[in-house]
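Trainee: Sharing a sequence plus its predicted fold:
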Amino acid sequence: MFPPNFAAQFANIPTPFYYYDTALLRRSLAEVQKYAKKYDFTVHYALKANTNTEILEIVKEYGLGADCVSGGEVQKALDMGFAPDHVVFAGVGKSDQEIDMAIDADIFGFNCESPQELEVINEIAQKKGKKARVALRLNPNVEAETHKYITTGLNENKFGINLEDLEGVLELIKKSSNLHFIGIHFHIGSQITNLENFKSLAQKVNTIQEIFDTHGLFIEHLNLGGGLGINYQNPDSEPVAPFESYFSLFDQHITRRRGQQIHFEIGRAIVGQCGSLITRVLYMKQGSSKTFVIVDAGITELIRPALYQAHHHIENLSSPSTETAVYDIVGPVCESSDSFGKNRVLPITQRGDFLAIRSAGAYGEVMSSFYNLRPKAKAYYVA
Ligand code: LLP
């Protein structure tokens, strides 16, 4: 991940900054496509994980489509040259303007999350004399065993159409002359490491497909979402996510209909491990019971530890010491949640050292903010 002379090489670069290992990104993309092709699955990259132009260029080279959740992401995908018929637009609250733009762009389809959204898309398409392609995002009520903020497939979550409403929604689709039904969509959550949860999803999907059979509706596209987790504890032991097991599980457990296409929309597992947040130690501070390492990156660059109590592995890239000590690594922002790790064992650390906060390629830079008028961290790409 880092060359041995990293600290010398980046000595004069202002910190904090994001560092992307594009060779690792390519390895992940090659692997995801290898196994997707093996089972004849189609993968869309979930832009929300990382929308950097340099990253998207590489993703596009490997032939993935684009899964977008805002007009801004749809526009970015189109500007980057993703073919409109490889762009899908999901999200629980699409605005009229966003829908308008996506219909004009003739994207592959909308993943719709409520009856009212279907009515609005139908109306907007009607005014344009067009038919909009829609898939229904269904809430399967399946546990994902992940942080509650990134669990999306339970009845208590705002996402998807509840199964009790399905019959009504199918009637609505039948009478909406400007909607073209293309399939169904699921996404039960993110950072899912117990693959058994995907098996439960597959089983639920099989039962749901039978409801569509009774309506004589063919599900041409079955979109099983994303959510495959990565190893945050020990990123070097698993730099590439377990795509083979993930896809083979679905291949084994989904009852695929003849002629049916199966889609996935994967974000974190593709870009998570290739990015690190690099920060410099500003001060060492002895508290009454702890030693604080105060670094120049904060929640403004990486909010995941504060928001989801997420663990990110932290390395000291410049300490020559063979001795270790226990530290709390904290940022400069005036919030006690501005902390990257408690009780971490690092080589003896001092002012000026470079620390790498690992596995920050997904939901890192994209979630950064300007709080405290802090400037946007730059990004560097290494092949
Ligand atoms: N499809 C839908 C409908 C989604 O909502 C998401 C993620 C994905 C696909 C991609 O999921 P992935 O393969 O990346 O797990 N900010 C949080 C993660 C939010 C995920 C939101 N939805 C974090 O930092 O953990």
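Mentor: Noted; the coordinates are in hand. Note that the coordinates shown come from a computational prediction; the quantities given were computed from them, not determined experimentally. Residues are numbered from 1 along each chain as shown.

Trainee: ok, residues contacting the helix or strand hosting Tyr327?
Mentor: Using DSSP states H and E, the element containing Tyr327 is strand 324-330. For strand 324-330, contacts defined as C-beta atoms under 8 Å, 6 or more residues apart in numbering pick out 287, 290-295, 314, 338-349, 355. Any C-beta I mention is one placed from the backbone N, CA and C, and that applies to glycine too.

Trainee: Now Glu117: closest residue in space that isn't a chain neighbour?
Mentor: Closest residue to Glu117 apart from its sequence neighbours, by C-beta to C-beta, 6 or more residues apart in numbering: Lys94 at 6.6 Å.

Trainee: wait, isn't that neighbour in contact with Asn111?
Mentor: No - contact criterion C-beta atoms under 8 Å: Lys94 and Asn111 do not qualify, at 9.6 Å.

Trainee: Please say which of these two ends up with more neighbours.
Mentor: The residue with more neighbours, out of Lys94 and Asn111, is Asn111; 29 against 23, by other C-beta atoms under 10 Å.

Trainee: Distance-wise, check the more buried one relative to the ligand.
Mentor: Going from Asn111 to the ligand by C-beta to the nearest ligand atom, to the nearest Å gives 7 Å.

Trainee: do the same with Ala297
Mentor: 16 Å.

Trainee: for Ser248, same thing?
Mentor: From Ser248 over to the ligand (counting by C-beta to the nearest ligand atom), the distance is 17 Å.

Trainee: Over to Met367?
Mentor: Using C-beta to the nearest ligand atom, one gets 6 Å for the distance from Met367 to the ligand.

Trainee: Quick one, grab the pLDDT at the residue nearest to Glu117.
Mentor: Lys94 is assigned 97 on the pLDDT scale.

Trainee: Please identify the helix or strand for the residue of the chain positioned farthest from its centre.
Mentor: Relative to the centre of the chain, and counting by C-alpha atoms, centre = their mean, the farthest-placed residue is Ser288 at 39.3 Å. According to DSSP H and E, Ser288 maps onto no helix or strand at all.

Trainee: before we move on, what about the one 4 residues further on?
Mentor: Using DSSP H and E, the secondary-structure element containing Phe292 is strand 291-295.

Trainee: Packing partners of that strand?
Mentor: Helices and strands touching strand 291-295, by 3 or more C-beta pairs under 8 Å, 6 or more residues apart in numbering; DSSP states H and E, are strand 275-286, strand 324-330.
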